[in-house]
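Colleague: Structure of the sequence below:
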Amino acid sequence: HKQDVLKGPDGFEKCKHHPQVNAEFVCIDCDVIVCHACILRGKHVNHTYHSVEVHRQNESNRLAGSIDRVKETKSMLLAAIQGVNEQEEKVERSYKIVCNEIAEHFDRVDKAMQERRQALLAQTEKLRNKKLG
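Modeller: Below is the predicted model of the structure:
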């Protein structure tokens, strides 16, 4: 595999099967870096290959495309998160409004019940006084 590449003292990648020769090609079928001898006479005859530079450029383009897609996805996710946050704030505001309306309604009901209680007690007292009086 490409991670098995040897580097010579000159800094160039060397062929795994021919360590004295610079690896100038990538065998696409086997996913390894090889030299011209491997392609012409070795295990990689009739395989698909690219030069190391072309392969690096292809990989660079592929990675750039992936990065662009990740950035686009990130933007979409950030927008979705923003939308969720806005909805959460809207729900929170609505919740507070409804809680206040419920409290106000029950305060009115409680006040009406207290008033009705006082009226009934007063009426009951009047009836008692009338019968006793």
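
Colleague: for the protein, what are the low-confidence residue spans?
Modeller: Within the chain, the stretches with pLDDT under 70 are 1-11.

Colleague: Confirm that residue 53 sits in a helix.
Modeller: Yes. Residue 53: assigned to a helix according to DSSP: H, G, I helix; E, B strand; the rest coil.

Colleague: And it, how far from residue 17?
Modeller: From residue 53 over to residue 17 the distance is 21 Å, taken as C-beta to C-beta, to the nearest Å. Every residue, glycine included, has its C-beta placed from N, CA and C.

Colleague: what's whichever strand or helix holds residue 65 packed up against?
Modeller: If you go by DSSP states H and E, residue 65 is part of helix 52-132. Secondary-structure packing of helix 52-132 (3 or more C-beta pairs under 8 Å, 6 or more residues apart in numbering; DSSP states H and E): strand 25-27.

Colleague: Can you list the strands that the next helix or strand after the strand it packs on pairs with?
Modeller: Sequence-wise, the next helix or strand downstream of strand 25-27 (DSSP H and E) is strand 32-34. As defined by DSSP bridges, the strand partners of strand 32-34 come to strand 25-27 (antiparallel).

Colleague: And the contacts of the strand it pairs with?
Modeller: For strand 25-27, the surrounding residues in contact (C-beta atoms under 8 Å, 6 or more residues apart in numbering) are 2, 32-36, 38-39, 44, 47-52, 55.
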